[in-house]
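J.: generate a structure from the sequence data that follows.
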Amino acid sequence: MRTYDFSPLWRSTIGFDRLFDLLDETQRAVEDNYPPCNIERLGDDRYQISLALAGFAPDELVITAEHNVLTVEGRKADKETREYLYQGISSRPFKRQFNLADYVHVTSASFDNGLLRIELAREIPEAMKPRRIAIGTAPAEQIAPQKAA
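T.: The predicted model follows:
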């Protein structure tokens, strides 16, 4: 795996701290693909994360969104011990994190047939959206300077 030195970019950019932190973090992270998931774009500003969680119940899952990070955690309740001849369905505890862009937030979550679906939407505030400026035809009035008394 290649590693990149971002220090030259730190000297010439302002306000991209979070981007460089994310890039740095992904280089160091050990990839854990459990539980398997899909990330889909449903529209221009709508997304869905689907996680395959066979064997888990909704009360064994915790979903939190904080500081542009979505975290899904699962822990099986130890109800009874069983003697498996073969255990192919994993029930190990997990913690899966997803970094969210600015203005992306969770709109809903559902759990059906072992599939956890998390709906996300990007809602840009009105003040941040581009707006059209009307061009007037009349010249702006000039204010005459007041004479000192």
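
J.: hang on, residue 108 in a strand?
T.: Yes - assignment of residue 108 by DSSP: H, G, I helix; E, B strand; the rest coil places it within a strand.

J.: correct me, but it touches residue 121?
T.: No - using C-beta atoms under 8 Å, residue 108 makes no contact with residue 121, being 9.5 Å away. Using the backbone N, CA and C atoms, a C-beta is placed for each residue, glycine as well.

J.: look at those two and report which has more neighbours.
T.: Shown here are residue 108 and residue 121; by other C-beta atoms under 10 Å, residue 121 has more neighbours (15 against 10).

J.: residues of the helix or strand containing that one that come out buried?
T.: Residue 121 is part of strand 115-122, with elements assigned from DSSP states H and E. Across strand 115-122, burial judged by 16 or more other C-beta atoms under 10 Å covers 116, 118, 120.

J.: which residue comes closest to the residue sitting nearest the centre point of the chain once chain neighbours are left out?
T.: Nearest to the geometric centre of the chain sits residue 100, at 2.1 Å (C-alpha atoms, centre = their mean). Leaving aside its chain neighbours, residue 100 sits nearest to residue 68 (4.7 Å; criterion: C-beta to C-beta, 6 or more residues apart in numbering).

J.: quickly note the distance from the one you found to residue 74.
T.: From residue 68 across to residue 74, the span is 22 Å (C-beta to C-beta, to the nearest Å).

J.: the more surrounded of those two?
T.: residue 74 (22 against 15).

J.: ok, the more buried one touching residue 56?
T.: Yes - the criterion here is C-beta under 8 Å, and residue 74 meets it with residue 56 at 5.3 Å.

J.: which SS class is residue 19?
T.: Of the three states, residue 19 takes helix under three-state DSSP.

J.: fine by me, we can end here.
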